[in-house]
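A.B. asks: predicted coordinates and the sequence they were generated for:
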Amino acid sequence: GGVASACVQSKRKLRSKVQVGGRSSKGRLLAGLCLLASAMAASEVSSAAGEMPQRGGQGESSGAGGITAGRKLTKWSVAPTLAPTPEPTPAPTVTPVFSLSGTNTGQCSVSGLCFSSLNYTNNEDCTFTASKDGYLTVQEFKTEEYIDVLTLGGSKYSNTSTPHGVQVQAGQAFTRTSNGKTTYSGFKVCLWLGEVHTLIEANEHSVIGMTELFNKVSNAAKFAKNTGNSIMASGHTAVMAVGEYKCSEGTCAGPQGVGTMLRTDELYGEVRCVNDNAECVVNGENSRRGMVVWGTGIDKLSIRATTFQNGQIAGYGGGLQIGWGAKVDVNICVFTNCNSIDSINGCGGGAIEVSNLGGGTLNVYGTNFIGNKAESGLGNDIYIGLMGTITIHNTCPSPYSS
């Protein structure tokens, strides 16, 4: 390496001495050294795969490229045998939770946690049988009312009457029938395996799945593509079932890439997980911000035991953004891998931003921030606008003392 470096410098100096049709003696000597150095370098590179560093007769692991600086390299007498390329590990086979049978299954199918008949055909006759206990969550449901039905026990579901939230036990079966006339877009229904809030008290709403969460809390029309159709009243509590909430499996406020999963406007109350282990995961799938809270009316909005994961926005606050005077308590939550990716406009708050737009007040209790990032460098976890305030409390929320 030293010789080769010297050659580069010498060649530069020789340019003024090299004559057309010949070289000076010094030029010929240095040119010869350069050729020798080049040959040595080529030999080292070409044989690197067949060399082992030696010291005191004992082989030692080499650095990058199989060369360790400052040690003599000894050729192997036999070329090394390359290990065969391992076969790729096949993806695990997932057994569907529902089994399918019937005399004319048509578009009926089962996959993973779901059963469906999308864009169904006439005269379908199929049966879906559950192999596990759980609750049903409806992702799509549009059938001809009273005619093309899904039946469980004595209950029949069609059109706007869906089986969402119905408890199912292993061995129970749904029968599916359609007539020979009109067809619709059909249905997709999945089994929710996580813990569900069943001891519902006054002013509480049990929530299973992304669409129901959206319908209960996402009331803001401003900047939103959609708004929920059964918004809880202010002062009420939405209690989420344990599991992941994703736009790919339900309805969200904004479009992929530039949107937000949930938007509230002057809504106060509480959004919480059924348990305090932060096992209710609002997953932005690296394509949407988790939540925007614009104003909270006469009180505050409390968010409890919720994980905001993979939230991402080309703007402020990849996990949560609050503004317009909103008062928000974040209790025993987790913000992980949330990102603000707009570095050009100086946006910040990988996890949370308290906005310049009307400001806001944020109180944080017992919350973890893990692996969040603002590409601008302005607050990987939290960015506070000029009108915002934040207090990170050294106390635990009720009923905990530690």
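C.D. replies: Sure, I can see it. Numbering: from 1, shown residues only.

A.B. asks: what's around residue 348, how many residues?
C.D. replies: By other Cβ atoms under 10 Å, the residues close to residue 348 number 24. C-betas here are computed from N, CA, C, even on glycine.

A.B. asks: in this structure it contacts residue 381, no?
C.D. replies: No: the pair residue 348 / residue 381 is not scored as a contact, 10.0 Å apart, by Cβ atoms under 8 Å.

A.B. asks: flag the shaky bits of this protein, pLDDT-wise.
C.D. replies: Applying pLDDT under 70 to the chain flags the ranges 1-83, 89-94, 223-224, 257.

A.B. asks: spatially central residue in it, please.
C.D. replies: Nearest to the mean C-alpha position of the chain, by Cα atoms, centre = their mean, lies residue 285 at 3.2 Å.

A.B. asks: can you give me the helices in the stretch 151-300 of the chain?
C.D. replies: Assigned by DSSP state H, counting those that start in this stretch, the helices in the stretch 151-300 of the chain fall at 210-217.

A.B. asks: okay, buried residues for stretch 142-155 please.
C.D. replies: 143-144, 148-152 (16 or more other Cβ atoms under 10 Å).

A.B. asks: wait, the residue nearest to the centre of the chain sits on residue 245?
C.D. replies: No: counting by Cβ under 8 Å, residue 285 stays clear of residue 245, with 10.5 Å between them.

A.B. asks: can you pull the contacts of residue 334?
C.D. replies: Residue 334 makes contact with 278, 306-309, 367-368, 370, according to Cβ atoms under 8 Å, 6 or more residues apart in numbering.

A.B. asks: relative to residue 395, which of those residues is nearest.
C.D. replies: Distances from residue 395 to the contacts of residue 334, taken as Cβ to Cβ, are shortest for residue 367 (12.3 Å).

A.B. asks: gap between the closest residue to residue 346 other than its chain neighbours and residue 291?
C.D. replies: Excluding the flanking residues, the one nearest residue 346 by Cβ to Cβ, 6 or more residues apart in numbering is residue 376, at 5.1 Å. According to Cβ to Cβ, to the nearest Å, residue 376 stands 21 Å off from residue 291.

A.B. asks: these two: which is more packed in?
C.D. replies: Ranked by neighbour count (other Cβ under 10 Å), residue 376 and residue 291 place residue 291 first, with 28 against 20.

A.B. asks: now the more buried one: closest residue in space, sequence neighbours ignored.
C.D. replies: Using Cβ to Cβ, 6+ apart, the nearest residue to residue 291 is residue 262, at 4.5 Å.

A.B. asks: got a list of what that neighbour touches?
C.D. replies: Taking Cβ under 8 Å, 6+ apart, we find residue 262 in contact with 213-214, 217-218, 252-253, 282, 290-292.

A.B. asks: out of those residues, which end up buried?
C.D. replies: Buried members of these, scored by 16+ other Cβ under 10 Å, are 213-214, 217-218, 252-253, 282, 290-292.
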